[in-house]
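>>> model this:
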Amino acid sequence: MTSDDNARLPKESLEQSLKEMKLMREGEMKKVTWEEFRSSSRNDN
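I've put the predicted structure just below:
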């Protein structure tokens, strides 16, 4: 998560999430499991 993510309006955040979900369904973006996300967020701190 970047500082830009914190400044987004809810509408912009939703639009970005829907774009990412579409890319995941098309196989163009890697799906991340909850465990992978949690592990990577712990490493960011």
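>>> now for this structure, the helix or strand with the poorest mean pLDDT.
Lowest on mean pLDDT, DSSP states H and E among the helices and strands of the chain sits helix 3-7, with a mean of 59.
>>> would you map the helices across this structure?
Ranges of helices in the chain, per DSSP state H, are 3-7, 10-25, 34-44.
>>> may I have the last one as CSV, with CA atoms only?
Only the C-alpha atoms of helix 34-44 are listed here, as CSV (Å, rounded to 0.1, in the frame of the first residue of the first chain):
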residue,chain,number,x,y,z
TRP,A,34,-5.0,-14.3,2.8
GLU,A,35,-1.9,-16.0,4.2
GLU,A,36,0.3,-14.5,1.5
PHE,A,37,-1.2,-11.0,2.0
ARG,A,38,-0.8,-11.2,5.8
SER,A,39,2.8,-12.4,5.5
SER,A,40,3.7,-9.6,3.1
SER,A,41,2.1,-6.9,5.2
ARG,A,42,4.0,-8.1,8.2
ASN,A,43,7.3,-7.8,6.3
ASP,A,44,6.4,-4.2,5.2
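>>> most tightly packed of the helices of the chain?
helix 10-25 (a mean of 11; mean count of other C-beta atoms under 10 Å). From N, CA and C alone the C-beta is placed, and that goes for glycine too.
>>> list of residues touching that helix?
Helix 10-25 has contacts (C-beta atoms under 8 Å, 6 or more residues apart in numbering) with Asp5, Arg8, Met29, Lys30, Lys31.
>>> now those residues as TSV including distance to Leu23?
Putting those into TSV (distance: C-beta to C-beta, whole Å) gives the following:
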residue	distance to Leu23
Asp5	17
Arg8	18
Met29	4
Lys30	9
Lys31	10
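>>> what subset of those residues is buried?
Among the contacts of helix 10-25, not one is classed as buried by 16 or more other C-beta atoms under 10 Å.
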